[in-house]
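# Sequence first, then the predicted structure:
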Amino acid sequence: MSRIGKHPINIPSGVSVSFADGVLTGKGKNGEFSFKVHESVCTEVADGKVTFKPSGDDKVSRSMWGTCRAIVSKSIEGLTTKFSKKLNLVGVGYRAAVQGKNLVMQLGYSHEVVVAIPEGITVVCEAPTAIRVSGADRQMVGEMVKGLQKYRPPEPYKGKGVIIEGQYVYRKEGKKK
């Protein structure tokens, strides 16, 4: 039995959620979302709450029950409050700036790294070495942050790279003479 799936999701004020043809849609002040619910999960929207139940007693139904509930819960939460992550650029000469709909980063390469900012994501450079990525979709924010981090992953010897705030970088001892 899913411990997560059995809890109903309360719909906050200012958010409208509807379910039709296997697709759950929601609208709020930060945007809208649509999620195709797995066919082995029964969904019901009533009395300001969204509830999920497995359609059968098989393993797939029980596993998708909690997964669907968790994804929809975070999507509804994103309609009222935006998700945000902060990145720090650690290294000599590492800088970032937003130019139009692109994020331009200088990460020690011979060229600038230009990344297009997707629709629904807001990127703000709070300082030349600090980037804040925010948006209503938690998954898109996480993908954008991990995509930026792939250009310069944290390096264990000097501690350089694109580091997510709160992330621990394991430091190794260098060569001894």
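That came in fine, so what should we check first?
# Outline the domain layout of the chain.
Structural domains annotated on the chain: 9-80, 83-164, as defined by automatic domain parsing.
# Lowest average confidence across those, which one?
Among these, domain 9-80 has the lowest mean pLDDT, at a mean of 90.
# Show residues contacting the helix or strand hosting Thr67.
Using DSSP states H and E, Thr67 falls within helix 59-80. With contact meaning C-beta atoms under 8 Å, 6 or more residues apart in numbering, helix 59-80 is reached by 1-5, 7, 9, 11-12, 14-15, 17, 24, 26-33, 35, 37-38, 40-41, 43, 50, 52-55, 135-138. Any C-beta I mention is one placed from the backbone N, CA and C, and that applies to glycine too.
# Need the residues that contact stretch 98-117.
Outside stretch 98-117, the residues touching it (C-beta under 8 Å, 6+ apart) are 89, 91-97, 123-125, 131, 144, 147-148, 151-152, 160, 162.
# Pro153 should be in a strand, yeah?
No: per DSSP: H, G, I helix; E, B strand; the rest coil, Pro153 lies outside any strand segment and is coil.
# what's near enough to touch it?
Neighbour list for Pro153: 161-162 [criterion: C-beta under 8 Å, 6+ apart].
# roughly how far apart are it and Thr25?
37 Å (C-beta to C-beta, to the nearest Å).
# go on, Gly66?
Remark: distance between Gly66 and Thr25 (C-beta to C-beta) = 21 Å.
# These two: which is more packed in?
When neighbours are counted by other C-beta atoms under 10 Å, Gly66 comes out ahead of the other of Gly66 and Thr25, with 19 against 14.
# Now do the strands in this structure.
Counting by DSSP state E, the chain has strands at residues 9-10, 16-20, 23-28, 31-36, 41-46, 49-54, 83-90, 95-99, 102-106, 113-116, 121-127, 130-135, 161-164.
# With adjacent residues omitted, what lies nearest to Asn10?
With sequence-adjacent residues excluded and distances taken as C-beta to C-beta, 6 or more residues apart in numbering, Asn10 is closest to Lys49, at 5.9 Å.
# If the one you found is in a bridge, with which residues?
Lys49 forms beta bridges with Asn10, Ala46, as assigned by DSSP bridges.
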